[in-house]
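J.: A structural model of the following input is requested.
(2 chains)
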Amino acid sequence: QKEVEQNSGPLSVPEGAIASLNCTYSDRGSQSFFWYRQYSGKSPELIMSIYSNGDKEDGRFTAQLNKASQYVSLLIRDSQPSDSATYLCAVNMERNTGFQKLVFGTGTRLLVSP
Amino acid sequence: DAGVTQSPTHLIKTRGQQVTLRCSPKSGHDTVSWYQQALGQGPQFIFQYYEEEERQRGNFPDRFSGHQFPNYSSELNVNALLLGDSALYLCASSGRVTEAFFGQGTRLTVV
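T.: Purely as a prediction, here's the structure:
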């Protein structure tokens, strides 16, 4: 079993729709979770972090965490063509140290059509 | 405030050669981590430097080595390059209890 799993996609949504991206992880003790956006040929850009169960909203983005189910998701409301990118889920394997040792999924490619 | 900067942006090397990649962390960050991202894959953790010491290492051979300088900048060295080392090499900087931010990466091509 991979440590962090994502559907590779592509996930295709029309402009203005809600895009839902999902991620599962294997280490039940993981404490911090991140979503990075990566445009083709570019480096990952942090868009959301989440540490507690429930929802965290930032503009059009909502991250959801369910530690019991070992599940993290990212919702993008009012999707725009500029949101077309690969979205990487990352889990910090460090616990209680303040350091970041990230394990990434393979990423989900999102395509938003005008 | 300058973010994480890496150099060079692109590099072409021949099998068997050695390469050095450089990274300057974001202002206020003291920890540098290096990741390798092969095409179509997520980044994989190579190692992490803090206080000029390697504090964590991923599943990479000893051909991969690094260094951190007193100003927190870092180098990644790869010896005896293989074709399979062709990838995007990413540097991430972080402070204690802060998220990790990536540089623009170095695209290494081994021919």
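
J.: Any residues of chain B in contact with chain A? List them.
T.: Proximity of chain B to chain A, by Cβ under 8 Å from any Cβ of the partner chain, involves residues B:31, B:33, B:35, B:40-45, B:48, B:50, B:55-56, B:88, B:90, B:92, B:94, B:96-97, B:99-105. Where C-beta positions appear, they are placed from N, C-alpha and C, glycine not excepted.

J.: burial of the residue of chain B found nearest chain A, as a residue count?
T.: Here chain B gets closest to chain A at one residue, B:Gly42, 3.2 Å apart by Cβ to the nearest Cβ. Close neighbours of B:Gly42, defined as other Cβ atoms under 10 Å in any protein chain shown, add up to 23.

J.: dump the residue contacts of it.
T.: By Cβ atoms under 8 Å, 6 or more residues apart in numbering or on different chains, the contact list for B:Gly42 reads A:4, A:88, A:90, A:104-107.

J.: So which of these sit within strands?
T.: Among the contacts of B:Gly42, DSSP state E puts A:4, A:88, A:90, A:104 in strands.

J.: want to try a markdown table for the residues you listed, with pLDDT, distance to A:Ala63 and neighbour count as columns?
T.: Listed next are the ones in strands among the contacts of B:Gly42 as a markdown table, based on pLDDT from 0 to 100; distance: Cβ to Cβ, whole Å; neighbours: other Cβ atoms under 10 Å in any protein chain shown:
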| residue | pLDDT | distance to A:Ala63 | neighbour count |
| --- | --- | --- | --- |
| A:Val4 | 97 | 15 | 24 |
| A:Leu88 | 98 | 13 | 27 |
| A:Ala90 | 97 | 12 | 26 |
| A:Phe104 | 98 | 16 | 24 |
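
J.: what bridges to the residue of chain A found nearest chain B?
T.: Relative to chain B, the nearest point of chain A is A:Phe104 (3.2 Å; Cβ to the nearest Cβ). Taking DSSP bridges as the rule, A:Phe104 bridges to A:Ala90.

J.: Next: A:Ser20.
T.: Counting by DSSP bridges, A:Ser20 forms beta bridges with A:Leu75.
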